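Participant: This is a predicted model, with the sequence first.
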Amino acid sequence: MKRLASIAISVAVLILSACTQKTPEGPREMVMDTTEFSLAAEGGTIELKFIPISSWTALCEESWVSYTPESGDASKEEAVLTIEVSANSDGERTAELVLSFETNDITITINQGGASAP
């Protein structure tokens, strides 16, 4: 009987200790203040600065947008994604660059004005 009481107390202690353990913080989402940029027809450079909470990759399928680096690791230091937009001799255009993190994706919209008519 003493042995059964001892086992019951041990189980109760295990259950109580499991209930009082702190659970780790869940995954955080990456958030950016500015996700839309507008450039003139001449094109230009955008420097996107952020602190990556997880590894990340960038992807844009428009040939008139290039960027470096294409990916990075989690860091407590600021990362800089440099986006180059070529000159536009046609009408207005829009591109989407997607930054993919472990917990979410962020779409960066790049609007570019068209060339002026002669």
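Facilitator: Looks like it came in fine.
Participant: burial count for the residue nearest to Glu29 when sequence neighbours are not counted?
Facilitator: Once flanking residues are discounted, Glu29 sits nearest to Asn104: 4.5 Å by C-beta to C-beta, 6 or more residues apart in numbering. Yep, even glycine has a C-beta here, placed from its N, CA and C like the rest. Asn104 has 13 neighbours, counted by other C-beta atoms under 10 Å.
Participant: Met30 is in contact with Asn104, correct?
Facilitator: Yes - with contact defined as C-beta atoms under 8 Å, Asn104 reaches Met30; the gap is 6.0 Å.
Participant: would you list every one of the strands in this protein?
Facilitator: For the chain, the strands defined by DSSP state E cover 36-39, 44-50, 56-59, 65-68, 71-72, 79-85, 93-101, 105-112.
Participant: For the first one, the averaged confidence score.
Facilitator: Think strand 36-39. Mean pLDDT, computed over strand 36-39, is 97.
Participant: List the contacts of that strand.
Facilitator: Under the criterion C-beta atoms under 8 Å, 6 or more residues apart in numbering, residues Ile46, Ile83, Val85, Ile108, Thr109, Ile110, Asn111, Gln112, Gly113 lie in contact with strand 36-39.
Participant: Equivalent analysis for the shortest one, please.
Facilitator: Outside strand 71-72, the residues within contact range by C-beta under 8 Å, 6+ apart are Pro52, Ser55, Trp56, Thr57, Ala58, Ala79.
Participant: likewise stretch 53-66?
Facilitator: In contact with stretch 53-66 (C-beta under 8 Å, 6+ apart) are residues 28, 30, 43, 67, 69-74, 79, 81, 83-86, 88, 93, 95-103, 110, 112.
Participant: sorry, back to before: in TSV, list the contacts of strand 36-39 along with pLDDT.
Facilitator: TSV is the format used below for the contacts of strand 36-39 (pLDDT from 0 to 100):
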residue	pLDDT
Ile46	97
Ile83	98
Val85	98
Ile108	97
Thr109	98
Ile110	98
Asn111	98
Gln112	98
Gly113	97
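Participant: would you turn these into a markdown table with distance to Glu62?
Facilitator: Formatted as a markdown table, these follow (distance: C-beta to C-beta, whole Å):
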| residue | distance to Glu62 |
| --- | --- |
| Ile46 | 14 |
| Ile83 | 11 |
| Val85 | 9 |
| Ile108 | 12 |
| Thr109 | 11 |
| Ile110 | 8 |
| Asn111 | 12 |
| Gln112 | 10 |
| Gly113 | 15 |
